[in-house]
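> what's the 3D shape of this:
(one chain, ligands or ions: 2)
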Amino acid sequence: MRLYEYEAKKLFSKFAIPITAGEVVETKEQARTFAQKLGKPVVLKAQILFGGRGKAGGVKFAHSPHEAEEKAGELLATKIKGFPVEKILMDEKLEIEKEFYLGITLDRVNYKLVMLACSEGGVEIEEVARREPQKIKKISVDVDQKFYPFWGNSLAGWLGAKGENLKIVGKIAVSLFNLFKQCDAKLVEINPLILTKEGKYVAADARMSVDDDALFRHPELAEMGIEKRHEEGEMTEREKLAREWGIPYLDLDGDIGMFPGGAGFGIMGNDFIQYFGGKPANFMDSGGGPTPERLAKMLMLLDENPNVKAIFGARFGGISRCDDFAKGVVMFLKDHGLSKPMVLRMTGNMWQEGVRIFEEEKKKNPQIFKNIDIHGIETPIEEIAKRAVELAKR
Ligand code: GDP
Ligand code: MN
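Ligands and ions are numbered 1, 2, ... in the order given. Below is the predicted model of the structure:
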């Protein structure tokens, strides 16, 4: 879960990472009042859950209360990177001497944490990382290890800090690490860490993402108003619907609807489809002994997706039995019908009974089966995948 800049900055201040005393505003009048109160030039920053606001016009400066009101009005009226701006973080406009990058994240390849520092912070950091990776200093830390102050100092020295500043920047690095660990974060980033013309270090931006699955361990976040949120910006309408229904589901860019049983079978099914030259339209975990209602929702997600041309169904009956599955699907076919062709295979617990239920129903109601091709264990899964790929090509 990503945090807004103003939320991450609240945590920064708890961990003694220096920030300026900004304020969140939601109207242009509030923006004017803030600028008046401060009596100095201000920066106005759109609060959206994405970085790169600077380049997208989401960071503005104002040198008078009137201008602050104007700029706030502009921000609130436009979309930044496609997202409406509801909140603006206002701060004193800092006079920048130099911008640095400091961040910590998971190194998923080496199972470690990694602290990154670069003396060329600011909006071009991705470019630096790509072109001149040697300019980024890394310190790897075992997950159960602490971050020693001398590592912080060494990073600070590498960033060019001297004397008293060496300790100040070193401490910021240690605090950043502690914040990361204590919040079960996946990423904490200061970009830029600013050295002001007066010689002070300030975190001018804050990006942070925490592990959703660890949120239950952090009632303090909820107390600060940082609630679990759906990252709607990243989700398609179908994914939102699936989430509402409690179905693990992701849209992909192909045309074969995937209805494969549990998550593992789901991944394998997607591999099979790709192996035979097809492209899955989604990933779905449709396992866990779904009730008829749940099966209906899953099939609806696929059938109502305009990108889907054919449906790949593969069911392995474990604790949940194929006959129950078949009854649920039949119920869906009767109530809603399926407009897309589906090839379906059942194996495992009670698969013969499942096939029998389908065949019996087919005798009574052949019209609801006109698009459906049902198989048992005699047909290898590869054949089912190939057939789904062929169906999607028609
Ligand atoms: P991002 O583009 O979403 O990462 O937004 P940032 O908050 O990092 O702002 C982008 C850029 O705006 C920074 O790299 C700075 O160059 C500039 N900026 C942000 N805050 C200030 C400020 O207080 N004073 C000045 N002079 N520049 C700022
Ligand atoms: Mn930034």
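
> who's in contact with residue 379?
The contact partners of residue 379, taken as Cβ atoms under 8 Å, 6 or more residues apart in numbering, are residue 345. Where you see a C-beta, it was placed from the backbone N, CA and C, and this is true even at glycine.

> for the one 5 residues further on, same thing?
For residue 384, the contacting residues are 312, 314, 343, 344, 345, 375, by Cβ under 8 Å, 6+ apart.

> can you give me phi and psi for it?
Main-chain torsions, residue 384, degrees, to the nearest 10: phi -60, psi -40.

> for ligand 2, see how far away residue 64 is.
Applying Cβ to the ion, to the nearest Å, the value for residue 64 to ligand 2 is 25 Å.

> same check, this time on residue 388
From residue 388 across to ligand 2, the span is 45 Å (Cβ to the ion).

> in a markdown table: the contacts of residue 384, plus secondary structure.
Formatted as a markdown table, those follow (DSSP: H, G, I helix; E, B strand; the rest coil):
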| residue | secondary structure |
| --- | --- |
| 312 | strand |
| 314 | strand |
| 343 | strand |
| 344 | strand |
| 345 | strand |
| 375 | strand |
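
> ok, and the most crowded of those residues?
residue 312 (29 neighbours; other Cβ atoms under 10 Å).

> near ligand 2, which residues of the stretch 51-200 of the chain?
For the stretch 51-200 of the chain, the contact set with ligand 2 under Cβ under 5 Å from the ion comprises residue 191.

> rerun that using 6 Å as the cut-off
51, 191 (Cβ under 6 Å from the ion).

> so where's the stretch 51-200 of the chain uncertain?
Within the stretch 51-200 of the chain, no range satisfies pLDDT under 70.

> if I look at the residue of it found nearest ligand 2, how far off is ligand 1?
Going by Cβ to the ion, ligand 2 is nearest to residue 191 of the stretch 51-200 of the chain, at 4.2 Å. Counting by Cβ to the nearest ligand atom, to the nearest Å, the gap from residue 191 to ligand 1 is 6 Å.

> ok, residue 122 next?
Where ligand 1 is concerned, residue 122 sits at a distance of 4 Å (Cβ to the nearest ligand atom).

> run through the residues that contact that residue.
Residue 122 neighbours (Cβ under 8 Å, 6+ apart): 99, 101, 191, 192.

> picking that back up, ok, which pair from the contacts of residue 384 is furthest apart?
Spanning the widest gap among the contacts of residue 384 are 312 and 375, at 11.6 Å by Cβ to Cβ.

> after the helix ranked longest in the chain, next one along is what?
For the chain, the helix that runs over the most residues, judged by DSSP state H, is helix 164-182. For helix 164-182, the following helix or strand on the C-terminal side (DSSP states H and E) is strand 185-196.

> isn't residue 151 right up against residue 140?
No. Counting by Cβ atoms under 8 Å, residue 151 stays clear of residue 140, with 10.2 Å between them.

> those two - which one has more neighbours?
Comparing residue 151 with residue 140 by other Cβ under 10 Å, the one with more neighbours is residue 151, at 17 against 12.

> phi first, then psi, for the residue of the chain found nearest ligand 2.
Closest approach between the chain and ligand 2, counting by Cβ to the ion: residue 205, at 3.5 Å. Backbone torsions of residue 205, given as degrees, to the nearest 10, read phi -140, psi 160.

> now do the helices in this structure.
Assigned by DSSP H, the chain shows helices spanning 5-14, 28-38, 65-77, 125-131, 149-158, 164-182, 219-223, 237-245, 263-275, 292-303, 322-335, 351-364, 381-393.

> of those, which approaches ligand 1 most closely?
Of all those, it is helix 5-14 that lies closest to ligand 1, at 6.7 Å by Cβ to the nearest ligand atom.

> now the closest one: mean pLDDT?
For helix 5-14, the mean per-residue pLDDT is 96.

> which residues sit against it?
Residues from elsewhere that reach helix 5-14 (Cβ under 8 Å, 6+ apart): 3, 18-19, 22, 24, 45, 47, 87, 89, 179, 183, 188, 203, 205-208, 224-226.

> what sits against residue 107?
Taking Cβ under 8 Å, 6+ apart, we find residue 107 in contact with 113, 114, 140.

> go ahead and confirm the last one touches residue 109.
Read that as residue 140. No. With contact defined as Cβ under 8 Å, residue 140 does not count as touching residue 109 (10.6 Å).

> picking that back up, wait, the residue of the chain closest to ligand 2 touches residue 192, no?
Yes. Between residue 205 and residue 192 a contact is recorded at 6.2 Å, counting by Cβ under 8 Å.

> near ligand 1, which residues of the stretch 51-200 of the chain are found?
Residues of the stretch 51-200 of the chain lying close to ligand 1 (Cβ under 6 Å from any ligand atom) are 51-54, 59, 91, 93-94, 96, 99, 122-123, 191-192.

> can you select the buried ones from those residues in PyMOL?
Buried residues within these, by 16 or more other Cβ atoms under 10 Å, are selected in PyMOL with:
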select buried, resi 51+53+59+91+93+94+99+122+123+191+192
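
> narrow the residues of the stretch 51-200 of the chain next to ligand 1 to those in strands?
Residues of those located in strands (DSSP state E): 59, 91, 96, 99, 191, 192.

> nearest residue to residue 279 in space, please, no chain neighbours.
Excluding the flanking residues, the one nearest residue 279 by Cβ to Cβ, 6 or more residues apart in numbering is residue 254, at 2.5 Å.

> and the one you found, how far from ligand 1?
The span separating residue 254 from ligand 1 equals 33 Å under the rule Cβ to the nearest ligand atom.
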